[in-house]
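Asks: dropping the sequence and predicted coords here.
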Amino acid sequence: MPDVFVAPEKETQDGEIQQSQTGDVKTDNTPIKTSPKVELLKQGNHVHIFSSLCQYPDDITFENQENNEKVILFIRRDFITNLGWMLMGAILIVLPIIFLIIQKSVSFSFSFNFIPINFIIVFLLFYYLIVLTYLYISFITWFFNISLVTDTRIVDVDFSNVIYKNVSSTKLDLIQDVSFSQVGVIRTFFDYGDILVQTAGTLDNFEFSAAPQPENVVHIIGDLIGRGGSGV
C-alpha cells in the first residue's frame, strides 16, 4: 500500500503547529518527534482508458450508488489479456496485403484478373468492416466488464457482445471468504489472476477474472471485511 509523505507547513502564530520537512512537530517551541510517514490518505486517483486497477478513483460513479458510498477499488481484466485479439486483428488487417504481394510474386495457374475492380473494392470494404467490428466488440467487452469494491459492497458488471449486460452486487458483511488463484508462468510474471469472492447462503459467488495484483486486491477486500466496510 503506497505511503505519502507529510507535507511541510509554514510557521504560524503562537500556539499553532509548525511542521518541518523531517516530520518534527513543534508546539509552543517544544519539539515532538513523529514518524516521517503517515497512513495512506484517501486521495482520489484517475481511471484512464487503459486502466485495469485503480485505488480510490475519484471519477467513477455507478447507478444506485448511495450518497456517502465511496469506491475503494476499480478492477478490470489486466490489459495484457487483450494481446490475443489485438494480434489477431493485426493479422487480419494485413492479410489482404500479404495475399496481394504473394500473388504478384508467384505465378498462379488461376488468375483474379477477370474479377471487376469494383467488386474487389466492395469485398475489401466489407472485409475490413467485419475486422473493425471484431476489434470494436473485443475492446468494449474488455472496457465495460468491470468490478467495483466500495466501502459497503461489491458490484460486478458483466458486459458481453454489446447486447448483454448484467449487474450484480453483495454487501461486504455477506462475504464469507475471498481468495485468488494465479496459475502459469505468464500470469505470475505479469502478476494477474482470478479472484473468487464467496458469499453466504444461496447468493451467487463473484469471480474477477484475470484481475491485476490479485494478492493485493484480496488483502484490501479482506481488510474491508475485517473493519466492517469502514475503508482501508
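Replies: Received it, and whenever you're ready, just let me know what you need.

Asks: what helix or strand does the closest residue in space to residue 215 that isn't next to it in sequence sit in?
Replies: Excluding its sequence neighbours, the residue lying closest to residue 215 (CB to CB, 6 or more residues apart in numbering) is residue 180, at 6.5 Å. Glycine gets a C-beta too; all of them are placed from N, C-alpha and C. Using DSSP states H and E, residue 180 sits within strand 175-181.

Asks: next SSE after that strand?
Replies: As the chain continues past strand 175-181, the following element, by DSSP H and E, is helix 185-190.

Asks: tell me the strands beside the helix or strand just after that following helix, with direction?
Replies: Where DSSP H and E defines the elements, the next helix or strand beyond helix 185-190 is strand 192-199. Strand pairing for strand 192-199, using DSSP bridges, gives strand 175-181 (antiparallel), strand 206-212 (antiparallel).

Asks: can you put those in a markdown table and add mean neighbour count?
Replies: Below are the strands paired with strand 192-199 laid out as a markdown table (neighbours: other CB atoms under 10 Å):
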| stretch | mean neighbour count |
| --- | --- |
| strand 175-181 | 16 |
| strand 206-212 | 20 |
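
Asks: out of those strands, nearest to residue 54?
Replies: Between residue 54 and those, the shortest gap by CB to CB is with strand 206-212, which sits at 9.9 Å.

Asks: hey, C-alpha coordinates of the closest one in PDB?
Replies: This file holds the C-alpha atoms of strand 206-212, laid out as PDB (Å, rounded to 0.1, in the frame of the first residue of the first chain):
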ATOM      1  CA  PHE A 206     -18.300 -13.300  -7.500                       C
ATOM      2  CA  GLU A 207     -15.300 -14.000  -9.700                       C
ATOM      3  CA  PHE A 208     -12.900 -11.400 -11.000                       C
ATOM      4  CA  SER A 209     -11.200 -13.000 -14.000                       C
ATOM      5  CA  ALA A 210      -7.600 -12.000 -14.800                       C
ATOM      6  CA  ALA A 211      -7.500  -9.200 -12.200                       C
ATOM      7  CA  PRO A 212      -4.200  -7.300 -11.800                       C
END
